[in-house]
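S.K.: any chance you could fold what I've pasted below:
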Amino acid sequence: MRALLLLLPALLLPALAAAQPRAVPTERRTEEIGSWVLSCQSDPMTDRGSCFMRHRLWIEVPKPGEPGIALEAINRFGQLIPAVTMRELTLEAAPRGFMALTATVQLRFDRNALIELPCGLEGYAVVCAPREEDARKAASQLAAGRTVLARVRGTGPLPAQGPTEPVALDLERTGEALTRFRPQAPESAPPATPLGQDWREMLERLMRLGGGTPPR
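M.R.: This next block holds a predicted model:
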């Protein structure tokens, strides 16, 4: 009997090791609507969903260690407005993110006057979006636009040759995509951090993410 009792833990260990909690994955779905990609996910704890909407073509295609630059629609100032984003920044991509923070993006829908989008830091993303006074105009032009030109105008440490050449993106079924996106579009508040402090905040966040020590 004593020998059996001594063997019992060894017999039970494989069963205990196999009895692990069952992971419940976040439900994700992606669909294309015209020129737009709508990506949604649902939190299994709350059943609350959130979506992101970006153009299916990249302004700048992602590369190893470098996030791409995308045209998105975001929910800000009570409007669905266009934004140019660089998401999922890493410590490796921090210099590129800093350069983006010191830039201004220009968008021009069809033959309308261009709209300038100052850039700011949101979480681990650089988001360039219209100012509040331009939000209504930008939302209207996004919904009705057939083509948009995008160009980055550099300042500070960006390359000395100045603004990059504009790229053109064709827009199809934007109104339908916006209608589908609107009920689950997360609110995006404009960053409160002054532009001059964004670079340090970005580096501190990325250093914490990578387990390093923020610069002083």
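
S.K.: where exactly do the helices run in this protein?
M.R.: Assigned by DSSP state H, the helices in the chain fall at 2-18, 94-101, 135-144, 174-181, 195-210.

S.K.: burial of the residue nearest to Gly68 when sequence neighbours are not counted, as a residue count?
M.R.: Setting aside the residues directly before and after it, Gly68 is nearest to Pro62 in space (CB to CB, 6 or more residues apart in numbering), at 3.5 Å. Using the backbone N, CA and C atoms, a C-beta is placed for each residue, glycine as well. The local packing of Pro62 (other CB atoms under 10 Å) involves 14 other residues.

S.K.: surely Pro62 touches Ala70?
M.R.: No. Using CB atoms under 8 Å, Pro62 makes no contact with Ala70, being 9.1 Å away.

S.K.: and the closest residue to Val61 other than its chain neighbours, its phi and psi?
M.R.: Take Val61 and drop its neighbours on the chain: the residue closest to it by CB to CB, 6+ apart is Gly68, 5.6 Å away. Note on Gly68: its backbone torsions stand at phi -80, psi 170 [degrees, to the nearest 10].

S.K.: you'd agree Gly68 is up against Arg54?
M.R.: No. The criterion here is CB under 8 Å, and Gly68 misses it with Arg54 at 9.5 Å.

S.K.: who has more neighbours out of these two?
M.R.: Arg54 (20 against 15).

S.K.: low-scoring pLDDT stretches of this protein, where are they?
M.R.: Flagging of the chain using pLDDT under 70 yields the residue ranges 1-19, 24-26, 47-49, 90-102, 154-163, 191-216.
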